[in-house]
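In: The sequence and its predicted three-dimensional model are supplied below.
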Amino acid sequence: MKQFQYVRAANQKAAISALTKNASAQFIAGGTNLIDLMKRGITSPDTIIDINNLPIKAIEAYAGGIRIGALALNSEVSENKLVIQKHPLLAQALNAGASAQLRNMATVGGNMMQRTRCPYFYDTALPCNKRQPGTGCSALEGFNRMHAIFGHSDTCIAVHPSDMCVALVALDATALVTGHKGNRRIAFADFHRLPGDTPQKDNNIERGELITGVEIPDNSFTKNVHYLKIRDRASYAFALVSVAAALNQEGNTIKDARLAMGGVAHKPWRLHEAEKALIGKKVSEESFRNAAEIAMKGAKGFKYNSFKLKMAPNAIVEALKTAAGMA
Amino acid sequence: MVFYSKMPNLNFEIIFNSMANKKPGITTEKECNGINESRRDFLKQSSLLTGLAITPAAVLKAAEEKWDEEFASSLEKMPLKLEINGVNHDLSVEPRTTLLDLLREQLALTGTKKGCDYGQCGACTVHVNGKRVLSCLSLAVMQQGKKITTIEGLADGEKLHPMQQAFIKHDGFQCGYCTPGQIMSAVACIREGHANSEAEIREFMSGNICRCGAYPNIVDAIMEVKEGGQQV
Ligand SMILES: Cc1cc2nc3c(=O)[nH]c(=O)nc-3n(C[C@H](O)[C@H](O)[C@H](O)COP(=O)(O)OP(=O)(O)OC[C@H]3O[C@@H](n4cnc5c(N)ncnc54)[C@H](O)[C@@H]3O)c2cc1C
Ligand code: FES
Ligand code: FES
């Protein structure tokens, strides 16, 4: 790890100005992603700004939703009564991520900002447009088993590794961000980006901005939900494919639905068209299969990840069946 | 040059400026072959091996001016207060030092193991303010004022902790390398209320990898302690 200066921010203004003034500075929250990347020389900030003293940790209800502070730990969110009661899908997604120890360290803001796990991003000896813009994408013709099947470009086929973010995008969350220009609200679906020709940018946060929290509006998805994560081992591994499924059922009819996937794109992948196709339909495997087919439109695999073209629709059906209580 | 000061017109503390590339005392196993290498030997080597271009200016300066070990290292460190296994420590650490390296290299608490050093195995699990965390991904300077418990702090004098006893009884290890991390994690797993079934234990212990595959026995040990209802 290269040497760096360590500073503790006493308030948000100080944190933001310290970051704005120094192009090489980075915030640190739980450190579970940043320290890993620093040890491997993938990122080498000359200053790290510890934001853990900022008062953005609370999980609270407001009229119409709940607000989760950016510094709330992943384990605090998944064990929180309000979260379990109002958004069990989020609790499930969090518990599917990393390990108990890591969830005790990782924060909500850090989870949103975590970098891809593409092996070529991690291997500093090989080209990677995300790590070193313009050098090329080694994964395109390389070992691309973990990579994207949606929304990829010629410059990058990496996926966003978060589980939490898949639930948040399905639940219509909003990211709360503050910077020297003031506060901004970013719809969660617009927070992360597709790679396009700027894969070095994971998201739409601007230099100098601090995530202060996320808001999740109240909804009717408190019962029939399921987060299904398919991975190489039963636990403590990143998703090959994951599905966040939420249904609002009235009798045998689907009144409303939310669907999103992880492990398939450069951002948490919301499936609007498939959701629409579910509304008004019977709770049945047939409806789910139909939605899954719609969800897969436009998918394109690569040499080693084409299995996802089959795994993803099956996972959607499985997740919906479990959510509906059929599995 | 050592500064630990409140800057009046900035609202944050510049706590520390890490200046040099390497320090004696806190060598990590991966970086250094000989733990007793002196700083000057290292400086000689590093300028020979790595060349001037990538040797930080401060290291070269220290080498040129022949600062003694003591002085050169004092430039790199910042004060840190921690309570470890019930004992207060006034320490001085470099910001890059992980909690794991601090425990092992500076305090000789080698019970906590370094398996992967990247958050992937759980061998380095300790409790910080009662929560199980990975010490390899924790910077020591970020633990200011916190209470750390390591495997050395679990027993009550000569009396082993019930979880240690249960691991012995159930043969919860083979080589033993993962064991301190497993035991710290297992104690937390029960305290958190995540040891209510075999399946739940397996899920909430998944952050501790055992390459000897002692998993079934580890689960048995945890089940026994949980069902025994002892205070953990
Ligand atoms: C072995 C391992 C397995 C894992 N498995 C999974 C998994 O299965 N699923 C999953 O979802 N995740 C997984 N993770 C990733 C983990 O969830 C992230 O590392 C974690 O969420 C990052 O949070 P943090 O608070 O530690 O971030 P940090 O490491 O502190 O920060 C990460 C980045 O976010 C920035 N940042 C932090 N907070 C803010 C803020 N408030 N505003 C603006 N920027 C901010 C930092 O500057 C930094 O660039 C795994 C990690 C490891 C090491
Ligand atoms: S040494 Fe920390 S998790 Fe492996
Ligand atoms: S006992 Fe050998 S690694 Fe677990």
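Out: Received it, and whenever you're ready, just let me know what you need. Numbers count the residues shown, from 1 in each chain, chains lettered A, B, ... in the order given. Ligands and ions are numbered 1, 2, ... in the order given.

In: CA atoms for contacts and neighbours, from now on please.
Out: Fine.

In: Name the SS class of A:Lys121, please.
Out: Careful, residue A:121 is Phe and not Lys. Here A:Phe121 is helix, with the state taken from DSSP: H, G, I helix; E, B strand; the rest coil.

In: Check it and give its pLDDT.
Out: For A:Phe121, the model assigns a pLDDT of 98.

In: can you tell me if the strand or helix carrying A:Ala18 touches ligand 1.
Out: Assigned by DSSP states H and E, A:Ala18 belongs to helix A:12-21. No. Residues of helix A:12-21 are not located near ligand 1 by C-alpha under 6 Å from any ligand atom, the shortest gap being 9.5 Å.

In: In contact with A:Gly64, which residues?
Out: A:Pro217, A:Asp218 (C-alpha atoms under 8 Å, 6 or more residues apart in numbering or on different chains).

In: Check B:Pro162 too.
Out: Remark: with contacts taken as C-alpha under 8 Å, 6+ apart, B:Pro162 is in contact with B:Val225, B:Gln230, B:Val232.

In: what about B:Gly228, how many neighbours?
Out: Using other C-alpha atoms under 10 Å in any protein chain shown, B:Gly228 has 10 other residues around it.

In: Now do it, the pLDDT please.
Out: pLDDT, read off for B:Gly228, is 95.

In: Would you tell me which residues of chain B are close to ligand 2?
Out: Contacts of chain B with ligand 2, taken as C-alpha under 6 Å from any ligand atom, map to B:114-124, B:134-136.

In: quick one: which of those residues is most hemmed in?
Out: Ranked by neighbour count (other C-alpha under 10 Å), these have B:Gly122 at the top, with 36 neighbours.

In: for that one, helix, strand, or coil?
Out: Following three-state DSSP, we place B:Gly122 in the coil state.

In: any idea what the closest residue to it other than its chain neighbours is structurally, helix, strand or coil?
Out: Among residues not flanking B:Gly122 along the chain, B:Asn208 sits closest, at 4.4 Å (C-alpha to C-alpha, 6 or more residues apart in numbering or on different chains). The three-state assignment at B:Asn208 reads coil, by three-state DSSP.

In: B:Asn208 is in contact with B:Val126, isn't it?
Out: No. At 11.9 Å, B:Asn208 does not count as touching B:Val126 under the criterion of C-alpha atoms under 8 Å.

In: Comparing the two, which residue is more hemmed in?
Out: B:Val126 (30 against 27).

In: quick one: pLDDT of residue 159?
Out: Let's take chain A. Note on A:Val159: pLDDT of 98.

In: right idea, wrong chain: chain B
Out: In this model, B:Lys159 carries a pLDDT of 96.

In: rewinding a little: please pick the buried ones from the contacts of B:Pro162.
Out: Among those, those buried by neighbour count (16 or more other C-alpha atoms under 10 Å in any protein chain shown) are B:Val225.

In: Out of the contacts of B:Pro162, which comes closest to chain A?
Out: Nearest to chain A out of these is B:Val232 (C-alpha to the nearest C-alpha; 18.0 Å).

In: How about that closest one, nearest residue that isn't a chain neighbour?
Out: Spatial nearest neighbour of B:Val232, chain neighbours left out: B:Val187 (6.4 Å); criterion: C-alpha to C-alpha, 6+ apart.

In: Let me know the secondary structure of the one you found.
Out: helix.

In: That one against B:Gln230, yeah?
Out: No. The criterion here is C-alpha under 8 Å, and B:Val187 misses it with B:Gln230 at 11.2 Å.
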